[in-house]
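Undergrad: got a sequence here, can you build the structure:
(one chain, ligands or ions: 1)
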Amino acid sequence: MQTAERLSRIEPYLFMTLRQKIAKARANGVDVISLAIGDPVEPTPAKVVEDLCRAAGDPANHRYPTDEEKGMLAFRKAVAKWYKERYRVELEAATEVLGLIGSKEGVHHFCLGMVNPGDVVLMTDPGYPAYKASIVIAGGVPQAVPLAEENRFLIDFSEIPTETSRAAKAIFLNYPNNPTGAVATREFFAELAAWAGEFDVAVCHDNPYSEIVFDGQERLSFLEAPGAKEVGIELNSLSKPFNMTGWRIGMAMGNRDIIAAMSKVKSNTDSGIFNAVQFAGIKALEDCGDNIDGMLAVYDRRRRMLLRTLSACGLDAKAPRGTFYLWVGVPDGTKSAEFAEEIFDQAAVVVAAGSAYGPHGEGFIRFSLTVSDERLEEACRRLRDNFGS
Ligand SMILES: Cc1ncc(COP(=O)(O)O)c(C=O)c1O
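TA: Model prediction:
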């Protein structure tokens, strides 16, 4: 069977490859601990599950969720309220908010709605792998914007050549940043909006970790920046703040032309999110702030535990200001993938090789804090036994 040529230009999805590797080792009896994937092990808040069950029993919700094109208005209003309360951003629910099947879907539909074949689309390197895949599937040409540790893994707009900025149709970026754990500032977002306005670049700021911040770091949205809504959108998601990765519910907000374009793609592609999931999503947004506070305390405790272990192993690890990842330099003279393999072989602990996030991720590995405390303690014990001095 001859499959589409475009598939030869994208990698197999990173975590599918890792999952296969884990499954194979487990089938051979190895007690693998995966610190590779950012998928919270804690359950979704019970009241959200209860709301889902109640809404799932209502036959009105058994029909196509297409009464309103951009998702249920009540869900979009709840999103607008959440953005106002938590990020100081005013949104018109009817035109500036779109319900999504997770922010990953938004990445894809942004490309289908905005990118013409041959268009240059910028993305950070290191960066979330789905950006490149979605750009390529839409026929665009991905171009990497390097992130450097010296610049706290923020884009330095003065370093982007003017011809690159002129050629770019769009840009993908995300802060709090997966994979580096870096956070942005208001000034950075203002600079982003000004640069995008000057060069007519459509911004897709992907913000699923907006709530996962530490050490007094403020929760920020790109949409707060002056002029942001003229140049772009923000994606967000219920996956990470409410332990809802499996539910597939997220949202796009901001520029109404981009929202309308994505909505047109969506309504011709997937017909929207199950209404019962949207009702449960409203519950999460309106009534589960305490879950976020609880999870932040859990991640804070875990990152401290892992940081102590990594330091005992002589590794260069710093506390991230955002996300539940630790981006850790590998020992001199070692490659990311080799060191990740060594950790797997010696400790049966899986971490993500930084090089999987782009060439500038070489020299790093990424640890996720989304396993239980007990499993993390066990992983730390194995790391100390095998790599501790
Ligand atoms: C940067 C980034 N964007 C999007 C996603 C996808 O999130 P969702 O579950 O909302 O599709 C992830 C998941 O890990 C992510 O790290």
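Undergrad: any chance you could map the helices in the protein?
TA: With DSSP state H as the criterion, the chain has helices at 14-27, 46-56, 73-87, 93-96, 103-114, 129-137, 162-167, 186-199, 228-231, 256-267, 275-287, 289-312, 336-347, 373-387.
Undergrad: let me know which of the ones you listed is tucked in deepest.
TA: Greatest average neighbour count among these goes to helix 103-114 (a mean of 24), per mean count of other C-beta atoms under 10 Å. For glycine as for every other residue, the C-beta is placed from the backbone atoms N, C-alpha and C.
Undergrad: touching the ligand at all, that one?
TA: Yes: with C-beta under 6 Å from any ligand atom as the criterion, the ligand is reached by helix 103-114 at 103, 104.
Undergrad: is the helix or strand bottoming out on mean pLDDT in the chain in proximity to the ligand?
TA: Ranked by mean pLDDT, DSSP states H and E, the weakest helix or strand in the chain is helix 14-27, scoring a mean of 83. No: if you take C-beta under 6 Å from any ligand atom as the test, helix 14-27 misses the ligand, and the best it gets is 8.4 Å.
Undergrad: can you name the residue of the stretch 251-389 of the chain nearest the ligand?
TA: Of all residues in the stretch 251-389 of the chain, residue 323 sits closest to the ligand, at 7.9 Å by C-beta to the nearest ligand atom.
Undergrad: wait, what's in contact with that residue?
TA: 38, 176, 177, 178, 181, 209, 212 (C-beta atoms under 8 Å, 6 or more residues apart in numbering).
Undergrad: which ones among those residues also lie next to the ligand?
TA: 38, 178.
Undergrad: about what we covered before: give me the angle between the least confident helix or strand of the chain and helix 129-137.
TA: Here helix 14-27 points in a direction 120 degrees away from that of helix 129-137 (axes from the mean of the first three to the mean of the last three C-alpha atoms, to 10 degrees).
Undergrad: could you report the neighbour count for the one residue in the stretch 1-150 of the chain that gets nearest to the ligand?
TA: The nearest approach of the stretch 1-150 of the chain to the ligand comes at residue 102, 2.7 Å away (C-beta to the nearest ligand atom). Around residue 102 there are 22 other residues, counting by other C-beta atoms under 10 Å.
Undergrad: residues of the stretch 251-389 of the chain that sit close to the ligand?
TA: Within the stretch 251-389 of the chain, not a single residue sits near the ligand (C-beta under 6 Å from any ligand atom).
Undergrad: where does pLDDT dip in the stretch 251-389 of the chain?
TA: Across the stretch 251-389 of the chain, nothing is flagged by pLDDT under 70.
Undergrad: again, only this time at 90
TA: Along the stretch 251-389 of the chain, segments meeting pLDDT under 90 span 267, 270-271, 316-318, 388-389.
Undergrad: domain-wise, how is the chain divided?
TA: Annotated domains of the chain cover 5-42+290-387, 46-287 [automatic domain parsing].
Undergrad: buried sites along stretch 171-186?
TA: 171-184 (16 or more other C-beta atoms under 10 Å).
Undergrad: quick one: distance of that stretch to the chain centre.
TA: Computed by C-alpha atoms, centre = their mean, to the nearest Å, the chain-centroid distance of stretch 171-186 equals 9 Å.
Undergrad: output that stretch as CSV, restricted to C-alpha atoms.
TA: Output of stretch 171-186 as CSV, limited to C-alpha atoms (Å, rounded to 0.1, in the frame of the first residue of the first chain):
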residue,chain,number,x,y,z
ILE,A,171,5.2,30.8,14.9
PHE,A,172,4.8,28.2,17.6
LEU,A,173,6.1,28.6,21.1
ASN,A,174,5.1,27.6,24.6
TYR,A,175,5.9,29.1,28.1
PRO,A,176,5.9,27.6,30.7
ASN,A,177,8.1,25.6,28.4
ASN,A,178,8.0,22.0,27.5
PRO,A,179,10.7,20.6,27.5
THR,A,180,13.0,23.2,29.3
GLY,A,181,10.7,24.3,32.2
ALA,A,182,11.5,27.9,31.4
VAL,A,183,8.9,30.6,32.0
ALA,A,184,8.3,33.8,30.1
THR,A,185,7.8,37.4,31.4
ARG,A,186,5.2,40.0,30.5
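Undergrad: I figured residue 228 hits residue 191, correct?
TA: No: counting by C-beta atoms under 8 Å, residue 228 stays clear of residue 191, with 11.4 Å between them.
Undergrad: could you pull up phi and psi at residue 388?
TA: Backbone geometry at residue 388, expressed as degrees, to the nearest 10, gives phi -70, psi 150.
Undergrad: tell me how many other residues surround it.
TA: The tally of other residues near residue 388 (other C-beta under 10 Å) stands at 14.
Undergrad: which residues touch residue 208?
TA: 103, 174, 178, 235, 236, 237, 239, 240, 250 are the contacts of residue 208 under C-beta under 8 Å, 6+ apart.
Undergrad: ok, now with 7 Å
TA: The neighbours of residue 208, taking C-beta atoms under 7 Å, 6 or more residues apart in numbering as the test, are 103, 236, 237, 239, 240.
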